[in-house]
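**Q** Pasting a predicted model and its sequence here:
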Amino acid sequence: MGEAAATREPVRPRVINFEFDESLPLHWFGNCPVRTHMSNALNLLFPLGERFFVRSVKKYMHEIDDPELRADVRGFFGQEGRHALEHETFFLRLEAQGFEIRKFLKTYERIAYGVLEPAFSPKVALAVTVALEHYTAIMAENAFRFGVLDEADPQMRALLLWHAAEEIEHKAVAFDVLQKVDPSYGLRVSGMVMATLGLLGFWVAGTVSLLRQDPKAKFFPSLRAFFKAQAAHPVGRRVFGRGIREYLARDFHPWKHDNRKLASDYLASVGLA
Ligand SMILES: [Fe+2]
Ligand SMILES: [Fe+2]
């Protein structure tokens, strides 16, 4: 059983059908092209990434005998599956805004899941998943604790906060599976190195691809706006600085930092508890 699992609510998916209509502004995040396209690019990475998380955990389902963890794993599959679908709905809005995203998605799929994933063992894939789950949980906490999404358009804010709340709820599931399968510190840290390089590489590539297609995104003003936003909300430092430091502790466990109330309070406030 994972740490603190005894007091944890079971992980369960919530079926929501988000819609993104034409009222969504081109620069929906603080009227800033860089913040918008960085978020758009992360959206592009989510569905294939989440299906990879599910695949990598599913391979070890037969090794999980704890009924609570098995139930949480099923809930995790359901949550990630729903996230992928809802982010794909948002893809349609991006295309309606005139962005060509399919080429980027094809290249990302071919390199990440056609070349890299088969080149490594299933254990490494699971360790990469665990590290990426740690990153998404920190991003989620940022959204609730620091109001990072306050300047986002309400349609996108609703999508991202629902996703963020569920990321907090299931943040220890893949970790607990890895602990059962192979608790080696070296494996966990190797997964973190690969996850960090992969995430940054594809995130930057996606952002550049969108910015280049946006005639209203001017390079220098956009860069200035980006640094201003980072000064207000140093998400990069919190995710890749503090996040990596925490993860490198030998006794790290996601629930050592118990922030589930952030998720439950939000879900209750929008009638999704
Ligand atoms: Fe997710
Ligand atoms: Fe997740």
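**A** Yep, that arrived. Numbering: from 1, shown residues only. Ligands and ions are numbered 1, 2, ... in the order given.
**Q** Name the residues of the stretch 1-150 of the chain found near ligand 2, please.
**A** With C-beta under 5 Å from the ion as the criterion, the stretch 1-150 of the chain meets ligand 2 at residues Glu133. Bear in mind the C-beta positions are built from the backbone N, C-alpha and C, glycine included.
**Q** In the stretch 1-150 of the chain, which residue sits nearest ligand 1?
**A** Relative to ligand 1, the nearest point of the stretch 1-150 of the chain is His83 (3.6 Å; C-beta to the ion).
**Q** And that residue, its phi and psi?
**A** Main-chain torsions, His83, degrees, to the nearest 10: phi -60, psi -50.
**Q** next one: Arg14
**A** phi -120, psi 130.
**Q** Surely Asp72 forms part of a strand?
**A** No: under DSSP: H, G, I helix; E, B strand; the rest coil, Asp72 sits outside any strand and is assigned helix.
**Q** Against ligand 2, how distant is the residue lying closest to it once chain neighbours are set aside?
**A** Distances taken as C-beta to C-beta, 6 or more residues apart in numbering put Val11 closest to Asp72, at 4.5 Å, once the chain neighbours are dropped. Here Val11 is placed at a distance of 10 Å from ligand 2 (C-beta to the ion, to the nearest Å).
**Q** Also Tyr247?
**A** 15 Å.
**Q** For that residue, list the residues it contacts.
**A** Ala131, His134, Arg188, Val189, Met192 (C-beta atoms under 8 Å, 6 or more residues apart in numbering).
**Q** Name the secondary structure element that contains the residue positioned nearest the centre of the chain.
**A** Taking C-alpha atoms, centre = their mean as the criterion, Thr136 is the residue nearest the geometric centre of the chain, at 3.9 Å. Secondary structure from DSSP states H and E places Thr136 in helix 122-145.
**Q** As CSV, could you dump the C-alpha coordinates of that helix?
**A** Output of helix 122-145 as CSV, limited to C-alpha atoms (Å, rounded to 0.1, in the frame of the first residue of the first chain):
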residue,chain,number,x,y,z
PRO,A,122,9.5,-1.1,-19.6
LYS,A,123,11.0,-0.3,-16.2
VAL,A,124,12.6,2.8,-17.6
ALA,A,125,9.3,3.8,-19.2
LEU,A,126,7.6,3.4,-15.9
ALA,A,127,10.4,5.5,-14.2
VAL,A,128,9.9,8.2,-16.9
THR,A,129,6.2,8.2,-16.2
VAL,A,130,6.8,8.6,-12.4
ALA,A,131,9.0,11.6,-13.0
LEU,A,132,6.5,13.2,-15.4
GLU,A,133,3.7,12.6,-12.9
HIS,A,134,5.8,14.5,-10.3
TYR,A,135,6.2,17.4,-12.7
THR,A,136,2.5,17.5,-13.5
ALA,A,137,1.6,17.4,-9.8
ILE,A,138,3.8,20.4,-9.1
MET,A,139,2.3,22.4,-12.0
ALA,A,140,-1.1,21.5,-10.6
GLU,A,141,-0.2,22.7,-7.2
ASN,A,142,1.1,26.0,-8.7
ALA,A,143,-2.3,26.5,-10.4
PHE,A,144,-4.2,26.3,-7.1
ARG,A,145,-1.7,27.8,-4.6
